[in-house]
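Trainee: Structure, please.
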Amino acid sequence: MATLRQLEYLVTVVDTGSFTRAAEQLHVTQPALSHQVRALETALGGPLLERLPRAVRLTPLGRAVLPHARAALAEAARLDAVARRSAGLDEGELEVAVVYSVSLGVLPPVLRTWRRGHPRVRIRLREYPHTDDLQAAMAAGRADLAVGPAPTGWEGPVRELGVEEFAIVLPADDPLAASPDGTLALGELADRAWVHYSPGNGLADLVDRAWAEAGLRPRIAVRAEQTSAALLLAAGLGPALVPANIIPPDFDGAALRPDPPIQRTLTAYTRTRPDRLTTAFTDLLARQAQVVPPHFPAGRPPAGPTAAP
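Mentor: Numbers count the residues shown, from 1 in each chain. Below is the predicted model of the structure:
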C-alpha cells in the first residue's frame, strides 16, 4: 500500500526534475529517496519514472498516478488544517475555488469583510473558466469550498446563494441605450457584431444558449478570455452579455436587462459536511454576497431563467 511519504517523494522528484534535487529539498539521502520510490512502484505494480541521464520522465503509469498523488497530499494537508481549526485555532488556510466571474463580482466585498474578522486565516483562491472545471477540481480535492453555478449530480452539501442576473452592456451613446424601462430584447441587436467569450469559458455556453433561444446567429467582433475584458471591450467594439454583479456603480456605459431575462443560480458547495471555518465563510457569503447588485436596473419582473454552465 502506498504511503503519503512515498507519494510526497514521487511528486517532489517530478516537480524538481531529479532525484538529487528532490533529496536536497526533502532533507533525505538520495539512496533513501530512491528506495521509497522503488517501494511505491512495487506497491502500484509497475515503474512510475524513467531514469534518464540528466532528467526523469513519467511513465504512462506515472502519469496516471501523479494527479491522485497530488490530490492525496492536498487532502492530507486540509485534514491537518481541519484538525487544528476544530481544536479552536482561528488560523490556518481556507481554499476557495470559483469561476472567473465570481472572483470579479461576488467575492471581493465578502473577502474584505472576512479579512477584518479573521486576519490570521489565509484564503487561497483557485479560479476556473468553466463550472465543469470547477466541479472536477472540487471532486479531486483541490479546495475546501466551491462557489459557482449549481453543480450537476453533486452528492455533497450545496447551498444556494441567489439567482444571478445578466446585463446587456452597450456604450452610453448607443441609440438603444436609452431604453425607458431598462430592458432590451436580444433581437434588437441581431445585426450587431458582439463581444463574445473564448471557447472553454462557461459564459460562452451561456451566451450561445441565449442567442439560440432568441433565434440569433450574430457575428463576433472579438472574443475575450476574462469577464472583465468583455466589459471593457463592449464599450466600443459591440454589445456583450456580462453578469450584472461585475458592473461597477460608476460604470459609464449602459447596462440593460435582457428581455426575457437571462439568469443562473449561484451556489456554494463542499464534498462533505463542512468544518466550522468553512461553514463560517459560507454563512458570510450567503449574507453579504450581492448576487444581483442594487444599482442594476429593475426592469420587468423575470419571465423565466435561462440557465447555463
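
Trainee: Pull the contacting residues for the nearest residue to residue 168 once chain neighbours are set aside.
Mentor: The shortest distance from residue 168 to any non-neighbouring residue, by C-beta to C-beta, 6 or more residues apart in numbering, is to residue 256 (4.7 Å). C-betas here are computed from N, CA, C, even on glycine. By C-beta atoms under 8 Å, 6 or more residues apart in numbering, residue 256 lies in contact with 167-168, 170, 176-177, 179, 182-184, 297, 299.

Trainee: got TSV for those, with distance to residue 195 and secondary structure too?
Mentor: Shown next, in TSV, are the contacts of residue 256 (distance: C-beta to C-beta, whole Å; DSSP: H, G, I helix; E, B strand; the rest coil):
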residue	distance to residue 195	secondary structure
167	13	strand
168	11	strand
170	11	strand
176	15	helix
177	15	helix
179	19	coil
182	20	coil
183	20	strand
184	15	strand
297	20	coil
299	21	coil
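
Trainee: Make sure residue 207 is indeed in a strand.
Mentor: No. Read with DSSP: H, G, I helix; E, B strand; the rest coil, residue 207 is helix and lies in no strand.

Trainee: quick one, helices of the stretch 51-200 of the chain?
Mentor: Counting by DSSP state H, counting those that start in this stretch, the stretch 51-200 of the chain has helices at residues 60-86, 100-104, 107-117, 131-139.

Trainee: picking up where we left off before, quick one: strands adjacent to the helix or strand hosting the residue nearest to residue 168?
Mentor: Assigned by DSSP states H and E, residue 256 belongs to strand 254-258. Here strand 254-258 is paired, per DSSP bridges, with strand 158-170 (antiparallel), strand 183-184 (parallel).

Trainee: out of those strands, which comes closest to residue 207?
Mentor: Of all these, it is strand 158-170 that lies closest to residue 207, at 8.8 Å by C-beta to C-beta.

Trainee: what mean pLDDT does that closest one have?
Mentor: Averaged over strand 158-170, pLDDT sits at 93.

Trainee: Residue 251: what secondary structure?
Mentor: Under three-state DSSP, residue 251 falls in the coil class.

Trainee: What's the separation between it and residue 242?
Mentor: 10 Å (C-beta to C-beta, to the nearest Å).

Trainee: Look at those two and report which has more neighbours.
Mentor: residue 242 (25 against 15; other C-beta atoms under 10 Å).

Trainee: what about the more buried one, which helix or strand?
Mentor: Using DSSP H and E, residue 242 falls within strand 240-243.

Trainee: if we can go back for a sec, pLDDT on the strand holding residue 256, on average?
Mentor: If you average the pLDDT over strand 254-258, you get 91.

Trainee: Name the next helix or strand downstream of that strand, please.
Mentor: strand 263-269.

Trainee: Where is pLDDT lowest across the contacts of residue 256?
Mentor: residue 299 (37).

Trainee: Would you mind confirming that residue 292 makes contact with residue 246?
Mentor: No. Under the criterion of C-beta atoms under 8 Å, residue 292 is not in contact with residue 246, lying 11.7 Å apart.
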